[in-house]
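1. Below: sequence and its predicted model.
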Amino acid sequence: MTGASVTPQQVRTALLLRDEIALLDVRHEAVFATGHPLFAANMAADRIALEAEARLPRKDVPVVLYDDGEDLVGVAADRLKALGYSNIHQLDGGLQGWKQAGFELFQDVNSYAKAFGELVEHRRHTPSLAAEEVSALMANGANIQILDVRRFDEYATMNIPGSISVPGAELVLRAGRAAPDPETTIIVNCAGRTRSIIGTQSLINAGVTNKVRALRNGTIGWTLAKQNLEHGAGRRGEIGAIAGGEANARDVAYRAGVRRIGFKEIAALQAQADRTLYRFDVRSEEEYAAGHLAGFRHYPGGQLVQEIDMAAPVRGARIVLTDNLKVRADMTASWLAQMGWETYVLEGGYDGTLEIGPPLVIPKPDPSHRYRRPYEGTDIKESAMQAYLDWEYGLVEQLRRDATHGFFVI
């Protein structure tokens with residue numbers, strides 16, 4: 001795509017053909033969450049200096065900017081050009097042009113990851129239990145173990161009583177230690193729906209012998225069912241993979257079309273200057289800080305699947321993951337591949353020289369500009385929680401109408 005502007009139809013064609021494109025909404029996140037194209041990524045004009053170089057690693061990647069009449073596109077374009085970006089366009093008609101072309105608008109943030117999670121449940125019939133059922137099991141002393149797959153800070157804020165923190169991609173690596181009895185029913189929860197669906201299906205895909213169920217609607221469902229939450233918990237799951245976890249995770253990645261590469265192949269990918277390459281280390285922050293491969297940005301696997309639009313706004317780019325224990329990279333890669341990404345897992349490298357130091361942290365937006373998720377914090381109105389769930393229930397049908405996603409489910 002060349003020239004000062006592109007049509008919504010050209011953008012849609014690029015998405016369908018898997019051409020590289022960064023469709024950027026340059027409004028503040030709170031406004032972005034009210035409606036945007038499925039594969040649009042939010043990068044507010046006043047945050048470009050903070051975010052662009054981490055999120056858009058190739059300076060000549062096709063970038064398409066839009067707003068909703070706020071006159072932010074020109075400012076955003078100037079700021080990108082000042083950083084060396086050279087292939088910048090604007091969307092004809094902005095957000096209204098997209099809408100007038102008859103194309104779908106999606107609400108909320110991380111929308112396509114959440115839509116994908118709903119599609120997984122729809123296609124695989126991922127099993128779940130309502131909050132009332134889980135509460136009854138707890139009251140009766142049933143042989144269950146609840147694993148919370150959110151970030152640890154989310155878990156510490158509020159959690160299902162007795163649950164253990166096992167963030168996202170750590171499940172296959174740690175569930176064997178958390179629930180060593182094959183007769184234990186594992187219940188996976190997040191704040192809403194997506195991460196619990198993906199976590200539950202991850203264990204099923206990897207062949208865990210335990211019965212696994214998602215806590216339907218997560219802490220939102222728990223709250224709406226008038227159940228009590230625990231606050232300030234610090235229980236963390238320790239490493240102990242499910243039986244056959246490493247081999248099974250590798251097989252899951254293989255079935256999803258993930259390719260494993262060495263350093264010669266990744267060097268060849270890096271040498272291809274006309275393609276964007278994202279490199280992510282999907283281990284814990286502590287492991288990353290203690291020693292990581294040069295050039296790899298830290299992004300825990302479970303959050304990477306949930307926040308892929310934030311981590312990798314260039315749709316059509318390539319992604320390489322690394323993990324010294326392999327399991328987390330394989331499971332994360334399996335989901336990204338099903339979401340339409342060309343995904344690789346890097347073999348080895350941890351016996352050489354590693355960089356030491358904390359990960360890059362991009363500051364969060366000013367609270368007045370940030371979208372308040374209906375599943376975070378302890379003071380959310382129940383009506384907002386229920387409206388959020390109702391929105392998620394409709395995502396599979398909205399994906400069908402939009403028809404650009406290219407997702408598949410193994």
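-> Alright, I've got the coordinates. Residues are numbered from 1 along each chain as shown.

2. Report the secondary structure state of residue 186.
-> strand (DSSP: H, G, I helix; E, B strand; the rest coil).

3. Nearest to the spatial middle of this protein, which residue is it?
-> residue 306 (1.9 Å; Cα atoms, centre = their mean).

4. you'd agree that residue is up against residue 196?
-> No - with contact defined as Cβ atoms under 8 Å, residue 306 does not count as touching residue 196 (11.1 Å). The C-beta positions use only the backbone N, C-alpha and C, and glycine is treated the same way.

5. Where do the helices of the stretch 101-250 of the chain begin and end?
-> 111-124, 131-139, 152-157, 171-178, 194-205, 218-224, 245-255 (DSSP state H, counting those that start in this stretch).

6. can I get those in a markdown table with mean pLDDT, distance to residue 281 and mean neighbour count?
-> Below are the helices of the stretch 101-250 of the chain laid out as a markdown table (pLDDT from 0 to 100; distance: least, Cβ to Cβ, whole Å; neighbours: other Cβ atoms under 10 Å):
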| stretch | mean pLDDT | distance to residue 281 | mean neighbour count |
| --- | --- | --- | --- |
| helix 111-124 | 98 | 19 | 22 |
| helix 131-139 | 98 | 34 | 16 |
| helix 152-157 | 96 | 17 | 18 |
| helix 171-178 | 97 | 15 | 25 |
| helix 194-205 | 98 | 19 | 26 |
| helix 218-224 | 97 | 27 | 23 |
| helix 245-255 | 98 | 17 | 20 |
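
7. mind putting these in a markdown table, distance to residue 317 included?
-> As requested, those are exported to a markdown table (distance: least, Cβ to Cβ, whole Å):
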| stretch | distance to residue 317 |
| --- | --- |
| helix 111-124 | 15 |
| helix 131-139 | 39 |
| helix 152-157 | 28 |
| helix 171-178 | 26 |
| helix 194-205 | 21 |
| helix 218-224 | 30 |
| helix 245-255 | 19 |
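
8. Now for residue 160: which residues touch it?
-> 134, 146, 148, 189, 215, 219, 222, 229, 230 (Cβ atoms under 8 Å, 6 or more residues apart in numbering).

9. okay, the second one: pLDDT?
-> The pLDDT attached to residue 146 in the predicted structure is 98.

10. I'd assumed residue 163 was in contact with it.
-> Yes - between residue 146 and residue 163 there is a contact at 3.9 Å, judged by Cβ under 8 Å.

11. any residues in contact with both of these two?
-> With Cβ under 8 Å, 6+ apart as the test, residue 146 and residue 163 both reach residue 189.

12. re the thing from before, how about the nearest residue to the residue nearest to the centre of the chain, chain neighbours excluded?
-> residue 113 (5.2 Å; Cβ to Cβ, 6 or more residues apart in numbering).

13. again, but for residue 291
-> residue 354 (3.6 Å).

14. And for the one you found, the neighbour number?
-> Residue 354 is flanked by 14 other residues according to other Cβ atoms under 10 Å.

15. residues touching it, list them.
-> Contact partners of residue 354, counting by Cβ under 8 Å, 6+ apart, are 291, 292, 293.

16. Please apply the same query to residue 163.
-> With Cβ under 8 Å, 6+ apart, residue 163 has these contacts: 146, 147, 148, 155, 189, 230, 233, 235.

17. change it to 7 Å
-> Residue 163 makes contacts with 146, 147, 148, 189, as judged by Cβ atoms under 7 Å, 6 or more residues apart in numbering.

18. bridging residues for the second one?
-> Beta-bridge partners recorded for residue 147 (DSSP bridges): residue 164, residue 188.

19. That one: neighbour count?
-> Residues lying near residue 147 (other Cβ under 10 Å) number 27.

20. From what I see, it and residue 185 are in contact.
-> No - if you go by Cβ atoms under 7 Å, residue 147 and residue 185 don't touch, sitting 11.0 Å apart.

21. isn't there a helix covering residue 404?
-> No - applying three-state DSSP, one finds residue 404 to be coil, outside a helix.

22. distance of it from residue 66?
-> 16 Å (Cβ to Cβ, to the nearest Å).

23. So which of these two has more stuff around it?
-> Between residue 404 and residue 66, counted using other Cβ under 10 Å, the more crowded position is residue 66 (28 against 19).

24. for the more buried one, phi and psi?
-> When read as degrees, to the nearest 10, the backbone of residue 66 gives phi -150, psi 160.

25. residue contacts, it?
-> By Cβ under 7 Å, 6+ apart, residue 66 lies in contact with 25, 73, 90, 91, 94, 95.

26. Excluding sequence neighbours, find me the nearest residue to the fourth one.
-> By the measure of Cβ to Cβ, 6+ apart, the closest residue to residue 91 outside its immediate chain neighbours is residue 66, 3.8 Å from it.
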